[in-house]
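Engineer: Fold the following and give me the result.
(one chain, ligands or ions: 1)
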Amino acid sequence: MRITLRLIAALLVAASLVVAVSTYLQVRAETRKLTEDLARRGSMLADALGELAAAPLAARDAAELSRLVQTYGGREGLVGVAVFDPAGVALAASASLTPDLRAVQLLAPRALGPEGRVSRLVRDRYIYAVPVRDEGTLVGVLAVVRDAAAIRTTLSRMWRHNFLRLLSHAVLISLVSLLIIRWNILAPIDQMTGWMKQIRSGETSAAPPVARGLFEPLASEATQMARSLAAARAAAEEEARLRQQGQSLWTPERLKEHVKEKLEGRPLFVVANREPYVHARQGKKVQVIVPASGLVTGIEPILLACGGTWVAHGSGDADREMADAAGRLPVPPEEPRYTLKRVWLTPEEEEGYYYGFSNEGLWPLCHIAHTRPIFREEDWRHYQAANKKFADALLEEMGDVRDPVVLVQDYHFALLPALIKRRRPDARVALFWHIPWPNPEAFGICPWQRELLAGMLGADLVGFHIQFHCNNFLETVDQALECRIDGERFAVQRAGHLTLVKPFPISIAFSEPPVRSQAEPSQEALRKALGATARYLGVGVDRVDYTKGIVERFRGVERCLEKHPEYQGQLVFVELGAPSRTHIKRYQEHMNEVEAEAARINARFQSKDYKPIVFLNRHHSHAEIEPYYKAADFCMVTSLADGMNLVAKEFVSARADECGVLILSRFTGAARELHDAVVVNPYDTGQTADAIRYALEMSPDEQGRRMAGMRAQLKENNIYRWASRLITELAAIRL
Ligand code: F6P
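Structural biologist: Residues are numbered from 1 along each chain as shown. Alright, predicted model coming up:
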């Protein structure tokens with residue numbers, strides 16, 4: 001209240017000052033104008049009467065002078081006329097002039113001096129005196145006195161008027177200020193205070209009530225703070241619960257301490273082609289996008305927990321403007337915890353290294369999904385150059401950190417481990433391969449298999465998701481290179497360097513209790529938004545990639561509707577498909593196949609307000625995907641080949657209600673861990689159709705049992721455990 005009063009008082013003082021100064025200037029101008037008018041008229045009259053008085057003055061004709069002053073002294077606006085001899089003695093004056101005569105007497109004789117005519121405003125009288133000459137001889141002075149009371153009246157009216165105006169402004173200013181303060185400051189503060197109390201006491205996790213206006217930046221900071229508080233509280237509760245139960249699950253805090261101890265406080269370095277935050281231009285605004293990537297889902301929680309540096313390709317069209325001159329920026333943007341170092345590639349480098357060698361060559365080579373790999377010499381050269389460029393960037397980031405620990409990610413960087421080790425033999429390097437490793441015969445078609453393997457074996461540790469891929473890799477190395485395979489330790493000894501090859505099934509940051517998210521749409525609301533009146537909802541979430549078995553999945557839905565017509569009109573399958581690598585011809589063809597297949601199946605079964613397949617072909621944020629996971633009766637992951645597939649794990653993680661069924665391809669790494677999923681061969685359409693029906697008809701008890709089993713597995717084997725195993729293993733290696 002005191003602040004409100006102070007603000008209003010300050011506004012009023014300012015307004016009063018403005019009104020006072022402007023009134024003063026207005027009054028001064030008006031006075032000047034009225035006085036000039038009086039002077040003009042006084043001068044004209046005095047000149048005219050002076051001419052009439054010249055002869056009687058020269059003759060000292062008192063009677064004539066008296067007649068003159070009486071005759072003209074009574075004119076409207078005139079108080080009187082007076083005549084003086086050259087010595088300043090009054091010879092005649094109008095009777096009405098008596099009270100003012102003394103003032104006239106003091107001024108008029110000055111007209112005889114060098115000044116000539118004189119005038120003055122004395123109280124309410126305006127005196128104007130002129131010297132009178134008769135044939136060039138000064139014979140006296142004539143003064144006319146005009147009534148100037150009108151000036152005072154006008155000026156006081158002006159002051160009064162402006163004062164009243166000030167008064168009304170004051171009332172208005174006070175009222176408006178009060179309302180503005182009330183609506184825009186006090187009410188939001190009240191709401192924020194109430195919200196903060198609720199957050200503190202854990203009664204709510206909703207977003208702050210104030211989302212716009214003056215308090216928007218504060219509200220957004222408060223939201224971050226509340227999130228951190230909620231996360232810290234959840235972590236503390238979880239820790240307490242675990243202590244209570246004598247368990248020791250891996251949490252971000254535990255990983256942080258573990259890594260600190262293992263790395264003796266040194267920072268962690270990660271190299272991955274895909275960056276965790278892409279800055280993209282959207283009209284005049286810059287948007288932050290978290291890309292659809294299992295790698296980002298898996299790796300980011302580790303850096304959030306432990307800090308460090310993530311070296312990645314800066315692929316967003318607004319990436320440069322958001323990073324410093326060295327390409328660095330703290331992330332996550334809203335609450336920085338680690339450094340993202342962006343490496344810039346030319347369009348030709350990106351074309352050859354990323355689209356060409358990595359994704360038209362190695363990707364189909366490692367995924368046996370019946371797309372022929374393409375190997376071009378030019379792409380290989382770009383791949384080598386890009387690996388070198390990333391190695392240089394990483395070496396620069398490592399600076400003089402002694403014994404640095406580096407986690408290299410994926411097939412984009414097969415050459416990087418050897419490049420790093422050559423220049424920093426003290427570095428401990430792990431390479432984690434996120435995609436499958438095929439059998440030696442399949443891999444052997446790559447013209448540069450020996451160079452790739454040699455680059456990978458520069459690492460101290462090479463990790464795959466499953467033992468099967470490790471075995472394939474060891475066999476490939478055995479057949480392609482001169483080396484010794486240590487079958488007992490699962491290691492390769494080559495040119496005096498030992499590389500361990502081990503499985504590390506990647507996971508997600510499973511959290512229980514689940515992080516409460518803001519008001520999410522219900523299953524009903526989702527169905528409405530999809531325009532579906534159906535009873536059952538299935539979901540698929542993928543990058544649109546030919547390895548994901550999206551077309552096979554649609555055919556499974558089609559077959560299910562054919563075999564079980566009772567589900568026609570009742571089952572909707574939503575595919576949230578993020579466009580991916582659209583630059584590559586095979587991906588464009590695949591996108592067309594997916595769209596055509598959805599259209600074909602829909603044409604068979606759709607009605608006015610129903611279509612069985614909804615293909616939402618755009619990038620969806622995690623917050624957008626989550627409600628679909630929570631509302632779905634089943635989630636289909638039908639990859640034709642997949643290293644792990646974290647979508648399967650994300651679906652399980654979202655189902656804290658222990659409902660819903662996971663239909664999972666046996667060709668995913670996840671199928672080796674999530675034994676309670678309904679496992680299918682996606683090439684077998686009939687089996688997939690049966691699995692859908694089985695999921696739709698599964699009893700809530702069975703759903704609960706299966707889901708609880710998978711959740712327990714995930715809870716135990718989360719990403720923090722994955723990172724702790726990898727880092728422990730790496731730190732234990734004797735260089
Ligand atoms: O599975 C391989 C992989 O690199 C993943 O780690 C990631 O989820 C996906 O491919 C993303 O591909 P890109 O980075 O090419 O969009």
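Engineer: Now residue 627: closest residue in space that isn't a chain neighbour?
Structural biologist: residue 520 (4.5 Å; C-beta to C-beta, 6 or more residues apart in numbering). Every C-beta, even on glycine, is put in place using the N, C-alpha and C of the backbone.
Engineer: who in the stretch 151-300 of the chain is up against the ligand?
Structural biologist: 274, 293-295 (C-beta under 6 Å from any ligand atom).
Engineer: Check those residues and tell me the two furthest apart.
Structural biologist: Maximum pairwise distance in those, criterion C-beta to C-beta, is 9.7 Å, between 274 and 294.
Engineer: Distance check, whatever residue of the stretch 201-350 of the chain ends up closest to the ligand against residue 409.
Structural biologist: Nearest to the ligand, among the residues of the stretch 201-350 of the chain, is residue 295, at 3.1 Å (C-beta to the nearest ligand atom). Using C-beta to C-beta, to the nearest Å, residue 295 is found at 6 Å from residue 409.
Engineer: okay, and the common contacts of those two?
Structural biologist: 272, 434 (C-beta atoms under 8 Å, 6 or more residues apart in numbering).
Engineer: Let me know the pLDDT of residue 696.
Structural biologist: At residue 696, the pLDDT value in this model is 98.
Engineer: same deal with residue 447?
Structural biologist: Looking at residue 447, its pLDDT is 98.
Engineer: can you give me phi and psi for it?
Structural biologist: The phi and psi values for residue 447, taken as degrees, to the nearest 10, are phi -60, psi -20.
Engineer: can you count the residues close to it?
Structural biologist: 12 (other C-beta atoms under 10 Å).
Engineer: What residues sit buried inside stretch 274-282?
Structural biologist: 274-279 (16 or more other C-beta atoms under 10 Å).
Engineer: List the contacts of residue 307.
Structural biologist: By C-beta under 8 Å, 6+ apart, the neighbours of residue 307 are 267-268, 337-338.
Engineer: From the residues you listed, keep the buried residues only.
Structural biologist: Counted by 16+ other C-beta under 10 Å, the contacts of residue 307 give 267-268, 338 as buried.
Engineer: Do I have it right that residue 318 meets residue 286?
Structural biologist: Yes. Look at residue 318 against residue 286 with C-beta atoms under 8 Å: they come within range, at 4.4 Å.
Engineer: who touches both of those two?
Structural biologist: Counting by C-beta under 8 Å, 6+ apart, the residues touching both residue 318 and residue 286 are 279-280.
Engineer: Distance-wise, check residue 70 relative to the ligand.
Structural biologist: 112 Å (C-beta to the nearest ligand atom, to the nearest Å).
Engineer: OK, contacts around that residue?
Structural biologist: Counted by C-beta under 8 Å, 6+ apart, residue 70 has contacts 94-95.
Engineer: Following the chain past the longest helix seen in the chain, name the next helix or strand.
Structural biologist: Longest helix in the chain, counting residues (DSSP state H): helix 2-58. Downstream of helix 2-58, the next assigned helix or strand under DSSP states H and E is helix 62-73.
Engineer: Show the average pLDDT along the following helix or strand past that following helix.
Structural biologist: Toward the C-terminal end, the helix or strand that comes next after helix 62-73 (DSSP H and E) is strand 78-84. Strand 78-84 carries an average pLDDT of 93.
Engineer: Distance of the residue nearest to residue 323 when sequence neighbours are not counted relative to residue 271?
Structural biologist: Leaving out its chain neighbours, the residue that sits closest to residue 323 by C-beta to C-beta, 6+ apart is residue 329, at 4.5 Å. Distance of residue 329 to residue 271, given as C-beta to C-beta: 17 Å.
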